[in-house]
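Enquirer: have a look at this prediction, sequence included:
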Amino acid sequence: MGHTHHHHHHHERSGKNLLISILLNIAITVAQVIGGIISGSLALLSDALHNFSDVLSLIISYLANRFTTKRASSKRTFGYKRAEIMAAFVNSATLIVIAIILIKEAVERFFQPEPITPALVIWLSALGIAANGFSVLLIKKDAESNMNMKSAYLHLLTDMMASVAVLLGGILMYFYQLFWIDPVLTIAIGLYLIYMGYDLLKSSTKVLMLFTPDQIEVDNMVREISENPAIKNMHHVHLWQLNEQEIHLEAHIDFHENISIQEFDCILKDIEERVYHNYGITHVSIQPEFGKCHSHQVIVQD
């Protein structure tokens, strides 16, 4: 019960931090659009577009964070436990798309540099760094243990780095008229974005596709459970991650003898404790069998 309360409190805190970040990003976007039009800065306008896409991503993360706390029902027996994984998948995919667009724009701008009004660019990019830096610090802790919050964190971190690039570009343009520096920095940020986004996209895809969690060796686990003298073999094993807190195991176990339900309950309790402590598996469903004649393969394509 204490864990549930802690988990709910964690969701409330991260939801509140996301909401603050959304409002800050809306303010930055509006300021940068106005500033970009006045100064004629394509860098500021592309940064504003990037910020706006982050507002949408943060809203997705916020909604997923809210949905996760909704209770299960007869229509949704798992509730919305996968909402945050889906948000992480969508956000990491958009992160890569945005990075490709930024790189494409930067390459074009590199060959056709445009003179701009650097002073306004410097001030507005500094505002972007301050607001996004604050947002990054707000959700950094939650990003360490949650894919959804990590996707929001990466969007904000990228925003901050893009603003840093625009600021450096603005300073160099102001003092040295080096208009090519802005696209070079933008390309560097875009490549970093693809690198980070791909890692998160891969992790969230594995969860959505019901892949076996990386840290679990199925054969080792089956061998360990089968050491019990009452167990003949373990087969039809399915192992998947529901979300970042829950790993589910279901399997068929063939017994040497026609044991009682009471004896099976004792064996089941031992299996649950063993897989929880050794593999982090939180939910176990076992189908007991005796004398059945069918495939005893550990992994079966149902």
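Expert: Cool, the structure landed. Since we're looking at a predicted model, the values are computed, not measured.
Enquirer: what about the strands in the stretch 201-302 of the chain?
Expert: Secondary structure of the stretch 201-302 of the chain (DSSP state E, counting those that start in this stretch): strands located at 231-241, 247-255, 283-289.
Enquirer: I'd like those strands as a markdown table, with distance to V222, mean pLDDT and mean neighbour count appended.
Expert: No exception for glycine: its C-beta is placed from N, CA and C like everyone else's. Shown next, in a markdown table, are the strands of the stretch 201-302 of the chain (distance: least, CB to CB, whole Å; pLDDT from 0 to 100; neighbours: other CB atoms under 10 Å):
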| stretch | distance to V222 | mean pLDDT | mean neighbour count |
| --- | --- | --- | --- |
| strand 231-241 | 5 | 92 | 18 |
| strand 247-255 | 8 | 94 | 19 |
| strand 283-289 | 12 | 94 | 15 |
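Enquirer: what's the host helix or strand of L49 packed up against?
Expert: For L49, the enclosing helix or strand under DSSP states H and E is helix 42-68. Applying 3 or more CB pairs under 8 Å, 6 or more residues apart in numbering; DSSP states H and E, one finds that helix 42-68 makes contact with helix 2-39, helix 83-111, helix 118-143, helix 147-176, helix 181-208.
Enquirer: okay, buried residues for it please.
Expert: Across helix 42-68, burial judged by 16 or more other CB atoms under 10 Å covers 42-55, 57-68.
Enquirer: and for stretch 131-144?
Expert: Using 16+ other CB under 10 Å as the test for burial, stretch 131-144 gives A131, N132, G133, S135, V136, L138, I139, D142, A143.
Enquirer: where does this structure have its least confident helix or strand?
Expert: Taking mean pLDDT, DSSP states H and E as the measure, the chain has helix 2-39 as its least confident helix or strand, at a mean of 75.
Enquirer: please point out which parts of it sit buried.
Expert: 10-11, 14-15, 17-18, 21-22, 24-25, 28-29, 31-33, 35-36, 39.
Enquirer: next one: stretch 269-283
Expert: For stretch 269-283, by 16+ other CB under 10 Å, it's I271, E272, R274, V275, Y279, I281.
Enquirer: looks like the last one contacts L249 (just checking).
Expert: Yes - judged on CB atoms under 8 Å, I281 makes contact with L249 at a distance of 4.9 Å.
Enquirer: just give the closest residue to the most centrally placed residue in the chain, not the sequence neighbours.
Expert: In the chain, the residue lying closest to the centroid (CA atoms, centre = their mean) is M147, at 2.7 Å. Among residues not flanking M147 along the chain, A88 sits closest, at 3.8 Å (CB to CB, 6 or more residues apart in numbering).
Enquirer: would you mind measuring from the one you found to R223?
Expert: Distance, A88 to R223, using CB to CB, to the nearest Å: 33 Å.
Enquirer: so between the two, which is more surrounded?
Expert: Taking other CB atoms under 10 Å, A88 and R223 do not tie; A88 has more neighbours (29 against 12).
Enquirer: quick check, pLDDT for the more buried one.
Expert: With respect to pLDDT, A88 scores 86.
Enquirer: report the separation between it and L242.
Expert: 14 Å.
Enquirer: check A152 too.
Expert: Going from A152 to L242 by CB to CB gives 21 Å.
Enquirer: next: D219.
Expert: Counting by CB to CB, the separation of D219 from L242 is 22 Å.
Enquirer: neighbour count winner among those two?
Expert: More neighbours surround L242 than the other of D219 and L242, with 16 against 10 (other CB under 10 Å).
Enquirer: quick one: that one from R76, how far?
Expert: L242 sits 13 Å away from R76, going by CB to CB.
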